[in-house]
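Participant: missing the sequence, but the structure's below:
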């Protein structure tokens, strides 16, 4: 069955029922409302036949059992919050502790990536989805109205998240696709460059320690470097993005670029961190689309605010007067 799924021909312009298509001239994306999910990105003009560029499933219903947040929006606060608790002044909030070590991970067991979002609008190159998370949902304070927009701008897919909350609450919405640009079994053929000189190593509780220079570590991608097999298991930490601006990306910072022969993916964002995850926890599935789900099959390049930011006191508590916004832009270049 697995071999059949990997070899079957799929029409990228005919997504499964309940999945929405947006496209540019050379690329297309499938958007699934469960988790406001980037279900698949297609390189329509790839040599030979259209190529899927993310790790995913071949049918929408399989995402109901997904435990790896494939393409989903993680929130209300993505990444970890230590001890699954928030403290704000004299207010204490107990969050859903869905991490094995007692933390709140990606917004809790029933976080934004597990919700069916509404589709506000859908056009040829754009889709807008929305979700209302009520007060104390997964323990988080305030009613939180969230909107996600996917939009093709030529060969760039721009993802923008907006959130308005009526009580003080930290927010960190994270897009979570697993990229595999050449359809190889693992990402070991990918060359990676990351615009970051400091990262947050994890302690034994999988919580970030103080910022540490990347030199001499598996996270030193300041110069282009192939991803080594030995580094895949180690790739699971946030790198602070070095400030830079690019006039072609409206002031967004360059976070990282991954490339294979013939195709490059550049990631830009307005957030301070990019979390690299080498996909070491991916498990086999008979319903995969594109590459098989094996350890190291996909690379997450997650743009985000501070991991464990609420516990560290390093993030803003948004309220009715301070809405949240996060933009990530994925730009594809071919040769």
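Facilitator: In hand now; what should we look at? Owing to the predicted nature of the structure, the values given are computational and were not obtained by experimental measurement.

Participant: dump the residue contacts of residue 99.
Facilitator: Residues counted as contacts of residue 99 (CB atoms under 8 Å, 6 or more residues apart in numbering) are 80, 84, 105, 206. For every residue, glycine as well, the C-beta is placed using N, CA and C.

Participant: try 10 Å this time
Facilitator: Residues near residue 99 by CB atoms under 10 Å, 6 or more residues apart in numbering: 80-84, 105-106, 108-109, 205-206.

Participant: next, count neighbours for residue 134.
Facilitator: 9 (other CB atoms under 10 Å).

Participant: ok, which stretches of the protein are helices?
Facilitator: 2-7, 229-232, 309-312 (DSSP state H).

Participant: can you pull the buried residues of the second one?
Facilitator: Meaning helix 229-232. Within helix 229-232, the residues scored as buried using 16 or more other CB atoms under 10 Å are 231-232.

Participant: between which two of the contacts of residue 99 is the distance greatest?
Facilitator: The span of the contacts of residue 99, defined through CB to CB, is set by 109 and 205 at 19.1 Å.

Participant: how many residues are close by residue 85?
Facilitator: Quick note: residue 85 (other CB under 10 Å) scores 17 neighbours.

Participant: hang on, it packs against residue 308?
Facilitator: No. Using CB atoms under 10 Å, residue 85 is not in contact with residue 308; the gap is 11.4 Å.

Participant: now list whatever residues contact both of the two.
Facilitator: With CB under 10 Å, 6+ apart as the test, residue 85 and residue 308 both reach 103-104.

Participant: low-confidence ranges in the stretch 151-300 of the chain?
Facilitator: Applying pLDDT under 70 to the stretch 151-300 of the chain picks out residues 245-249.

Participant: so where do the strands sit in it?
Facilitator: 156-165, 169-170, 174-175, 178-179, 191-194, 198-200, 212-213, 225-226, 236-240, 253-260, 263-269, 273-277, 288-289, 299-304 (DSSP state E, counting those that start in this stretch).

Participant: which residue, other than its chain neighbours, is closest to residue 212?
Facilitator: residue 201 (5.4 Å; CB to CB, 6 or more residues apart in numbering).
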